[in-house]
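Chemist: Predicted coordinates and the sequence they were generated for:
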Amino acid sequence: MHRTGELYGQFQTLEQQKETASLGMWVFLVTEILFFGGVFLAYTINRSTFPMAFGIAGNMLDLNLGFANTIVLIASSFTMAMSVWSAQTSHKKLVPIFLILTLALGSVFLGIKVVEYKQKFDHHLIPGHSFDITYCSKNPAACGLSGKALEDEKKEIEEGIQAEKSKPTDSDESGIVALNAHAQLYFSLYFGMTGLHALHMIIGAGLLLWLIVEAGKGRFDANYNTPVDNIGLYWHFVDIVWIFLFPLLYLINRHLA
Amino acid sequence: MSTAPQTPQGGEKLPKEHYLNATYGIRSWLLTTDHKRIALLYLISVTFFFFIGGIFASLIRIHLLTPGGYLVTPETYNKLFTMHGVAMIFFFLIPSIPAVLGNFLIPIMIGAKDLAFPKINLLSWYIYLVGGAFVLYSFATGGLDTGWTFYTPLSSIYSNSAVTPAVIGIFINGFSSILTGLNFIVTVHTMRAPGMTWMRLPLFVWAHYATSIIFILGTPVIAITLLLAGLERMFHFGFFNPAYGGDPILFQHLFWFYSHPAVYIMILPAMGVISEIIPTFARKPIFGYDFIAASSIGIAVIGFIVWAHHMFLTGQSTYSAVAFSFLTFLVAIPSAVKVFNWTSTLYKGSISFDTPMLYGLGFIGLFTIGGLTGLFLATLGLDIHLHDTYFVVAHFHYIMVGGAIMGYLGGIHFWWPKITGRLYPEYLARIAAIVLFVGFNLTFFPQFILGFLGMPRRYHDYPPEYQVLNVMSTAGASILALGYLLPMIYLTWSMRYGKVAGKNPWPATGLEWTTDSPPLTENFHETPVVDWEVYDFVHRPELGLQGSVSKKPAPAHGDD
């Protein structure tokens, strides 16, 4: 299409162009809600079907890392909002600064996520043949468990095994098989949901990189800031997804034992 | 009844400059952002997939000529019907009318220079190609045998065929649909020309607006569903795996949450085409414009709350089955509103049986049969007998082939003069339309009877007493194939040798007929201003219609 200044050929006015881009972004976010909706539904149904196994599996997550990530992400939303504000009020120098801060915070989030994934891998919590929900209670040293935490963990697993037996006559063996199976379901959902979220973060980081380069040229001001605005919307959306993921995955049944 | 399309001005010449000769070279096509060129790119690619799917269909019909079928092994047979479904549904029917005709026409119909996001429009075509490449790779490396529905755990665990690339391909292709739907919705909201109010939008645009709602709300759900099934297959994750306590029925719920509305993605645009054809060839404003527009939205909305009627035999609770049965009956209301309004439009119209009209009338009849047999299947008790039989196959082919493809071909014929600037040989085209109609009914009507007698779908074998009906069906399929090849040939021929059409050969009332054929890259010489009501033949002296179909005297242009 022919470019006339900032106005693309298919539009009549800049106002129409801005309105169009904004509506397009909102419609896209609607599709994103539906996209995540499917996996949230799978989570909800399985959580209500296997509350005990999901509670125990959820306790295997590192609350400190999850909480730190939540703070990091909320902070990045704040810096993103500030960069949108800077653009809208023509503080041209501030725009790239806030965008760089946002990107940095986003990268911290992804870095912490890598640490968490590595930890799950070490703890035999990746769905598949080597999955073992009892690994940490059997090898406390490998998981850094000791003292009361180890006792709680053992007690919890024990309760889980009893609860997962479908008949009172079932052996402990069938209880642990069921617990292990249902915990794998939890970790499938954990990796599916956080993985999808992380993928969206990576895409967002790529968009931010482009935005930083453009903002560095001083392109965004009160007259033209549609990309900052729209990528900001996307970034906030991805944050909001995490705001739901954190309590659902980390916090429910935290004090089960 | 006219014998040839009217060319009021006569001795037409192609405009000097238009979108086809604006630039030359392969790059000017592959990097184009012109919605009309992208529509033609889609036309070529969906036709390619139509023939791929058609080859599989032919092999299925040949195999079923005799009980015990000697052509292919049972395993290959499973792959044939799966690949037929995947190619036809995801790569032909869903993109066909929206991505070809919708892409070409929506901006022109609303008086815009292009869609709201031309680059995204091109991107969606490339996404379609990438998705298509994955699926073709799956077909070429052994095919897949899960059925187009990809039910777990067969697709996610047990199947030994090339499921993974197919799932990836359909997942990728979904984003093509999403972006097309997004583009249409935003375009209709923000790009309308001065005077083009919502209630002056052609019904084709309303139908595409409704379709786009399904694109953006439904497609993400199938994307995530297939992604989860794919992760289950590739990484031993367990979302639907009973070994982990997962529920395969959950997959079916999620799958049909998209795939039932998806049949409305296929039929709604065809209904939009018919709503344009009928008033044009009845020379009469469409009856009940508001109701047809609203019924499109109604079908899109109700379409989202009927999905579990595909699952009456999964052991879901009787109460939810009753609810879904009732909701399914509700869809019949907006569908019937359309059919009655089309027939009312014909009443006392000045009807001419040009090719598009033959497709239009064929659509009304076949869609009615397909729709009414859908009510049989929505009936709980009857569905237990008919579920997974050829009755279901016949029902959805009446909607998909008799409805959607008839609408697609009708639309292609209707707007071909606009797309290429030339007319096709009318006589040959009418013969092809009739051949198609006859071939279609001979193919699929026997399948209703077969299903009612109890022949299950997806079986490679059948008892000898079903042979007569199967032979009829296969014979019909070969006539049908001829009906598809004919338009391919004469439409291609007409691109070079056809008679020059002029701006408005039929004549029709839409904004697209006021610009050149083929249009400029910018569609209009100057931004049009719409000061007439939709489908108004009376107050449009420039259409050159002699006898007014209205009894009241035609006031001067603009008096209304």
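Modeler: Yes, it's here.

Chemist: Extract the C-alpha trace of stretch A:56-75 and format it as PDB.
Modeler: The C-alpha coordinates for stretch A:56-75 follow below in PDB (Å, rounded to 0.1, in the frame of the first residue of the first chain):
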ATOM      1  CA  ILE A  56      -0.400 -32.400  46.600                       C
ATOM      2  CA  ALA A  57       1.100 -31.700  43.100                       C
ATOM      3  CA  GLY A  58       0.500 -28.000  43.500                       C
ATOM      4  CA  ASN A  59       2.400 -28.100  46.800                       C
ATOM      5  CA  MET A  60       5.500 -29.300  44.800                       C
ATOM      6  CA  LEU A  61       5.700 -25.900  43.200                       C
ATOM      7  CA  ASP A  62       8.100 -23.300  44.600                       C
ATOM      8  CA  LEU A  63       5.900 -20.600  46.100                       C
ATOM      9  CA  ASN A  64       8.700 -18.100  46.600                       C
ATOM     10  CA  LEU A  65       9.700 -18.200  42.900                       C
ATOM     11  CA  GLY A  66       6.100 -18.000  41.800                       C
ATOM     12  CA  PHE A  67       5.400 -15.100  44.100                       C
ATOM     13  CA  ALA A  68       8.600 -13.300  43.000                       C
ATOM     14  CA  ASN A  69       7.500 -13.700  39.400                       C
ATOM     15  CA  THR A  70       4.100 -12.300  40.100                       C
ATOM     16  CA  ILE A  71       5.600  -9.200  41.600                       C
ATOM     17  CA  VAL A  72       8.000  -8.900  38.600                       C
ATOM     18  CA  LEU A  73       5.200  -9.100  36.100                       C
ATOM     19  CA  ILE A  74       3.000  -6.600  37.900                       C
ATOM     20  CA  ALA A  75       6.000  -4.200  37.900                       C
END
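
Chemist: List the buried residues for stretch B:378-396?
Modeler: By neighbour count on 16 or more other CB atoms under 10 Å in any protein chain shown, the buried set for stretch B:378-396 is B:378-380, B:383, B:386-387, B:389-396. C-beta: built from backbone N, CA, C; applies to glycine.

Chemist: tell me what the longest helix seen in chain B is packed against?
Modeler: Assignment by DSSP state H gives helix B:248-282 as the longest helix of chain B. With contacts taken as 3 or more CB pairs under 8 Å, 6 or more residues apart in numbering or on different chains; DSSP states H and E, helix B:248-282 sits against helix A:14-49, helix B:94-95, helix B:203-235, helix B:289-302, helix B:318-346, helix B:355-378, helix B:406-420.

Chemist: what is the mean pLDDT for that helix?
Modeler: Across helix B:248-282, the average pLDDT comes to 96.

Chemist: Residue B:69 - nearest residue in space that isn't next to it in sequence?
Modeler: residue B:63 (4.3 Å; CB to CB, 6 or more residues apart in numbering or on different chains).

Chemist: count of residues packed around the one you found?
Modeler: Neighbours of residue B:63 under the rule other CB atoms under 10 Å in any protein chain shown: 22.

Chemist: Strands along the stretch 451-560 of chain B, start to end?
Modeler: Secondary structure of the stretch 451-560 of chain B, counting by DSSP state E, counting those that start in this stretch: no strands present.

Chemist: Please report how far the residue of it found nearest chain A lies from residue B:199.
Modeler: Chain A sits closest to residue B:527 of the stretch 451-560 of chain B, with a gap of 7.3 Å, by CB to the nearest CB. Taking CB to CB, to the nearest Å as the measure, residue B:527 and residue B:199 are separated by 20 Å.

Chemist: ditto for residue B:147
Modeler: Going from residue B:147 to residue B:199 by CB to CB gives 43 Å.

Chemist: Residue of the stretch 251-400 of chain B nearest chain A, please.
Modeler: residue B:254 (5.5 Å).

Chemist: the more surrounded of residue B:147 and residue B:199?
Modeler: Each of residue B:147 and residue B:199 has its neighbours counted (other CB under 10 Å); residue B:147 has more, 17 against 11.

Chemist: what number of residues lie near the nearest residue to residue B:279 once chain neighbours are set aside?
Modeler: Counting by CB to CB, 6+ apart, residue B:279 lies nearest to residue B:286, which is 4.4 Å off, once chain neighbours are set aside. Using other CB under 10 Å, residue B:286 has 23 other residues around it.
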